[in-house]
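S.K.: Sequence and predicted structure below; questions after.
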Amino acid sequence: MSPLTILLLVEAAAIGLILLGASPKKVSLVAAGTNFLLSLWIYAQFPAGVGGYHFVENHSWIALGGLPEIRYHVGVDGISLPLVLLTTLVTLAAIWVAPAKIKRASEFYSYLLLLSLGALGAFVSLDLFFFYAFHEFALIPTFLLIGIWGAENRQFVSLQLTLYLGLGSLVLLAGIIALLGVVPAEERTFDIPRLTDYLRENPLATSQQMLPFLLLAIGFGTLVSLFPFHSWAPFGYASAPASAAMLHAGVLKKFGLYGLLRVAMPLLPGGAEAWKPWILALLLGNILFIGLTTIAQKELPAMLGFSSVMHMGYLFLGLACWNALGVSGVVLLMVAHGLSAALLFAVAGEVRERAGEIRFAELGGLARRMPFVAVAFLVGSFASVGVPGLANFPGELLIFFGSWKSQPLLTAVVVWGIVISAVYQLRAVRAVFYGDLPQHLAETGDVEGVARIPYVLLMAALLILGIWPGTLLGVVGSGVKGFLSLN
Amino acid sequence: MHEGLWIIAAPEVILAAGGVLLLLVESVVKLQSRAVGVLVLGVHLIAGLCLLPFARTGAVLWDGIYTWDRFAVSGKAFFLLVGMLVTYLSLEGEQKIPTARAEFYILPLFCTAGMALLCSVRDFVLLFVALELVTVTLFVLVAYRRTDASSLEAGAKYLIVGGLATAFLVMGIAYLFGATGSTQFDGVARSAESEGVGPVLLLGLAFLLVGLGFKAAAVPFHIWAPDVYQGAPTPITAYLSVGSKAAGFVVLLRVLLLPFWNSAFQSHWVPLIGLLGALSVLLGNLAALPQRNLKRLLGYSSISHAGFLLLGLASHSFLGFASMLYYLLAYLVATFTAFLVLVLLEQEKAGETISDLSGLAQRSPLLAWSMALAMVSLAGIPPLMGFFGKLLVFFAAWQSGLHLLVMIGVAAAAAGIYYYIAVVRAMFWSEPVQHGPIALHPATRTLLVALNVGSILFGFYAKPILALAAGAVAGIGG
């Protein structure tokens, strides 16, 4: 049995134990910790020099006349392995920072594990059916997490989010069906590697690629909040409980990008080329329009929600330009953004919890009361802005290098996005942690003891990848070369 | 195909004879209605056992008007399951039907007998008889709460619209007979083959589709559905929603595959069925959005599912038909779960609106989760059966070139998520109106768990069900 299957089974088993009445937080923590260690082991064992998929498990699942065979096919290459590692780390952190005494605790932790299970399953699946099903299956826990434990306006927000993501997923499903529809009947398969190989040897006519790519781009784009399909994200994240926001913004949302990277772009290069101007125009909306909207936010969680939408613009840029440099940057930035978003949402959760306040105008001076949280927020903010030494910087740099070759003008414009993000991020730092400490916050306490570990883990990961991106880039490069045949 | 022994028709005979016998006994000896309910379950079980010895034989009866193939066996098993579940629902919901007497349990036996017979028909006259056995019994059952105005209204509506549909059906059969000189499926097919497809034949086919469209509650023959669903006693609503609809599709499948499989016919019925499907998914899902009454909501939702099933039918491919059968089973599991929860809640004197479900998760997690899984399955979210059904149907339709139809289906399914999720929301987010846990009988508990497990298991691992469905479709021709 592949260790990847074990990752999935561990989480499923933990959910089972919680349903049987075991202590929810302890069981989830043990499961998440086990998975994190296991994924580190997988990473250590991964032969970076060799391309292709490893830790593969592949057997038939459903075969029916007229339907392409569905296989249970899991495996990781240099592109998906970093995401698996990201998932297990953020899951561990999200479960660790969640309060043990939350209402309906066993439900809460089960849903968090389900969310993580959906993301993990999607990242390790090499079969389009499982790839799709695992992700969409996480929709219901997301809905419930925001709906039951969310903050202000949770009823509306979670419904909006679910409808958006549901519609996005269905368009994506139509896209997958359309993609298989243009492949000759005898070559139709849900198997991603086989489909990739076939389409590389026998490219489709561009006219055939137009509709499937459009559907896939709208589907994946909605899931990853591409402008103008983004409006579910900011307030959804603002309202979600911190752990859910960490898992969704940090991990699950990357599914859309991963799907573009794994399915839409390599299988339908002609369609991608034809629709590229549109994607480039829309990502400008993400970076500039949403960037400016972010500056205007008056509450911490909403600001973080918008900023996570904005950062997707860079990732789209790297994907749209489609060269080895940019795509490596995309994988690195996906991981980096996942880590920094998780860290920032966790801090926002602490601030909401401990200070009982999220409006910038009412906050201030908290660095004196909660120095550790302030450091964590500062590290997250610097990472998010793209300060050298933290993981986001090399990712963004690679993307800009990659896009400069083909889109110098656009690159020159979007680089200004960094200034925008510096403005809102540093204003948030000042508004929350510096300045005068209002009277009602005088008793706010800091995060103490072992509760600091998840923050330390996330910060350490950001630092390691920032100072030494080569560790990950070696692995990523093998995937980019092997899977995408990009040089 | 060889002429078989009449004993292979045992399931229908046992059901009908059991019904007659129980009615007679009940008129002489005063039996407790619950005891009759249990006896009826037993009759279903015996009829089901009669399927087993002949499951692998293929034969025809009575000059070929009655056929016994894998499709018929699977169909009979399906309807026996429906009949048993309805009986169980009636047993659970008895207190809510004050005048419930023995015949409330006995009459569905005739209905099930009719449906079982429908699975085997190869002749239009037998088809008519079987279908009327179903419909006439349902007339009585829909209006069963005769002190209740809404039930009576439902009965009257069902009677009038049903009568109209029957008229179309008879007329269609008459045209077909007039054009081909035969009422047997084979005869019609042969005549169409040799003499070509004329306007009279097409008119016959169109009228037939009207009659069957009524059974399936497909737009534009759906008008009766919401009112009747809301007014009928809940177990009967479940019967209409699954049994009657499935009966419509089972007959449609056999009729379209046998006498009308000719490509000259296909070029007419494929677009027509596709159109009905598109209208049904759109109207069903959009009209369900503002509904607050759960039974009414399920009524509109059932119209939309008729649309998805029609999508599979319109694919006119092996995959499309097999997906349709899989979808039917997915629909059965989810719908019965939902109605079982509704029946149990009726015992708690709760109303039928969505807000009456408020806080159910705190009062009874099992009921809330069952309902939630049913809704999520109907909405088509993995890993439940409903998702895989939708995937199959969309895939089949796309492969047959019905791209626009798939797009419409996708849009409608997205709209559907809204109202299904609204039900989940009420159960999990809102505070309870009433308090105190809900006591469940161990058998009910087991049944709910079994339905939930089935929905997840066969959605995730659909292979066995698909093999059954594929075998059934493959069996039709032979």
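M.R.: Noted; the coordinates are in hand.
S.K.: can you confirm A:A63 is in a strand?
M.R.: Yes. Counting by DSSP: H, G, I helix; E, B strand; the rest coil, A:A63 falls inside a strand.
S.K.: Once you drop chain neighbours, what's closest to it?
M.R.: Using Cβ to Cβ, 6 or more residues apart in numbering or on different chains and skipping residues adjacent in sequence, the residue nearest A:A63 is A:E69, 4.7 Å away. Bear in mind the C-beta positions are built from the backbone N, C-alpha and C, glycine included.
S.K.: Now for that neighbour, how many residues are close by?
M.R.: 16 (other Cβ atoms under 10 Å in any protein chain shown).
S.K.: Burial check on A:G365, number of neighbours?
M.R.: 17.
S.K.: Look up phi and psi at the residue nearest to it when sequence neighbours are not counted.
M.R.: Spatial nearest neighbour of A:G365, excluding adjacent residues (Cβ to Cβ, 6+ apart): A:L437 at 3.1 Å. Backbone torsions of A:L437, given as degrees, to the nearest 10, read phi -90, psi 110.
S.K.: what's the answer for B:T67, then?
M.R.: Phi and psi for B:T67, reported as degrees, to the nearest 10, are phi -120, psi 150.
S.K.: Now do the same contact list for it.
M.R.: Contacts for B:T67 (Cβ atoms under 8 Å, 6 or more residues apart in numbering or on different chains) come out as B:M1, B:A59, B:V60, B:L61, B:S120, B:V121, B:R122.
S.K.: Please flag which of those sit within strands.
M.R.: B:A59, B:V60, B:L61 (DSSP state E).
S.K.: Specify the local secondary structure of the residue nearest to A:A63.
M.R.: For A:E69, the assignment made with three-state DSSP gives strand.
S.K.: Could you do A:G389 as well?
M.R.: Using three-state DSSP, the structure places A:G389 in coil.
S.K.: In terms of distance to chain A, which of the contacts of B:T67 ranks first?
M.R.: Taking Cβ to the nearest Cβ as the measure, chain A lies nearest B:M1 of the contacts of B:T67, at 22.9 Å.
S.K.: What pLDDT is listed against the closest one?
M.R.: If you check B:M1, the pLDDT there is 60.
S.K.: Which SSE is immediately downstream of the helix or strand that B:R190 is a member of?
M.R.: Using DSSP states H and E, B:R190 sits within helix B:185-195. Once the chain leaves helix B:185-195, the next helix or strand it forms, by DSSP H and E, is helix B:199-216.
S.K.: Average pLDDT for the next helix or strand after that next one, rounded please.
M.R.: Once helix B:199-216 ends, the next helix or strand along the chain (criterion: DSSP H and E) is helix B:224-231. For helix B:224-231, the mean pLDDT works out to 88.
S.K.: Just the angle for helix B:224-231 relative to helix B:199-216, thanks.
M.R.: Relative orientation of helix B:224-231 versus helix B:199-216 (axes from the mean of the first three to the mean of the last three Cα atoms, to 10 degrees): 20 degrees.
S.K.: Other residues contacting helix B:224-231?
M.R.: Counting by Cβ under 8 Å, 6+ apart, residues outside helix B:224-231 touching it are B:142, B:148, B:150-155, B:157-158, B:161-162, B:214, B:217, B:237, B:240-241, B:287, B:293, B:295-296, B:298-300, B:302-303, B:352.
S.K.: now it, how far from the chain's geometric center?
M.R.: Taking Cα atoms, centre = their mean, to the nearest Å, one finds helix B:224-231 lying 15 Å from the centre of the chain it belongs to.
S.K.: for stretch A:61-68, how far is the first residue from the last?
M.R.: In stretch A:61-68, first residue to last residue: 11 Å (Cα to Cα, to the nearest Å).
S.K.: now the residue in the stretch 51-200 of chain A positioned nearest to chain B: how far from A:V373?
M.R.: Closest contact between the stretch 51-200 of chain A and chain B, by Cβ to the nearest Cβ, is at A:G66 (3.1 Å). Separation of A:G66 from A:V373 (Cβ to Cβ, to the nearest Å): 57 Å.
S.K.: quick one: which helix or strand includes the closest residue to chain A within the stretch 101-250 of chain B?
M.R.: For the stretch 101-250 of chain B, the residue closest to chain A is B:F249, as judged by Cβ to the nearest Cβ, at 18.8 Å. Using DSSP H and E, B:F249 maps to helix B:245-257.
S.K.: which helices and strands does the helix or strand just after that helix pack with?
M.R.: Where DSSP H and E defines the elements, the next helix or strand beyond helix B:245-257 is helix B:263-288. When contacts are defined as 3 or more Cβ pairs under 8 Å, 6 or more residues apart in numbering or on different chains; DSSP states H and E, helix B:263-288 packs onto helix B:199-216, helix B:294-314, helix B:403-429.
S.K.: tell me the pLDDT at the residue nearest to A:A63?
M.R.: So, for A:E69, pLDDT stands at 88.
S.K.: With just CA atoms, put the helix or strand containing B:L80 into PDB.
M.R.: Here B:L80 sits within helix B:70-92, counting by DSSP H and E. Below are the C-alpha coordinates for helix B:70-92, written out as PDB (Å, rounded to 0.1, in the frame of the first residue of the first chain):
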ATOM      1  CA  ARG B  70     -32.400  -9.600 -16.500                       C
ATOM      2  CA  PHE B  71     -34.000  -6.200 -16.900                       C
ATOM      3  CA  ALA B  72     -37.300  -7.600 -15.600                       C
ATOM      4  CA  VAL B  73     -35.700  -9.300 -12.700                       C
ATOM      5  CA  SER B  74     -33.800  -6.200 -11.600                       C
ATOM      6  CA  GLY B  75     -36.800  -4.000 -12.100                       C
ATOM      7  CA  LYS B  76     -39.000  -6.300 -10.000                       C
ATOM      8  CA  ALA B  77     -36.400  -6.400  -7.300                       C
ATOM      9  CA  PHE B  78     -36.400  -2.600  -7.300                       C
ATOM     10  CA  PHE B  79     -40.100  -2.300  -7.000                       C
ATOM     11  CA  LEU B  80     -40.400  -4.900  -4.300                       C
ATOM     12  CA  LEU B  81     -37.800  -2.800  -2.400                       C
ATOM     13  CA  VAL B  82     -39.900   0.300  -3.000                       C
ATOM     14  CA  GLY B  83     -43.000  -1.600  -1.800                       C
ATOM     15  CA  MET B  84     -41.400  -2.800   1.400                       C
ATOM     16  CA  LEU B  85     -40.000   0.600   2.200                       C
ATOM     17  CA  VAL B  86     -43.400   2.200   1.700                       C
ATOM     18  CA  THR B  87     -45.000  -0.300   4.000                       C
ATOM     19  CA  TYR B  88     -42.300   0.400   6.600                       C
ATOM     20  CA  LEU B  89     -43.000   4.100   6.200                       C
ATOM     21  CA  SER B  90     -46.700   3.500   6.700                       C
ATOM     22  CA  LEU B  91     -46.000   1.500   9.800                       C
ATOM     23  CA  GLU B  92     -43.900   4.300  11.200                       C
END
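S.K.: tell me what that helix is packed against?
M.R.: Applying 3+ Cβ pairs under 8 Å, 6+ apart, we find helix B:70-92 packed against helix B:10-28, helix B:33-51, helix B:102-118, helix B:234-238, helix B:245-257, helix B:318-347, helix B:463-477.
S.K.: out of the ones you listed, nearest to A:R188?
M.R.: With Cβ to Cβ, the closest approach to A:R188 among these belongs to helix B:318-347: 11.4 Å.
S.K.: what's next to the next helix or strand after the closest one, contact-wise?
M.R.: Toward the C-terminus, helix B:318-347 is succeeded by helix B:360-363 as the next helix or strand (DSSP H and E). Residues from elsewhere that reach helix B:360-363 (Cβ under 8 Å, 6+ apart): B:345, B:367-369, B:371, B:426-428, B:431-432, B:434-438.
S.K.: In chain A, which helix is the longest?
M.R.: The single longest helix within chain A, with elements called by DSSP state H, is helix A:324-355.
S.K.: In that one, which residues are buried?
M.R.: By 16 or more other Cβ atoms under 10 Å in any protein chain shown, the buried positions in helix A:324-355 come out as A:324-352, A:354-355.
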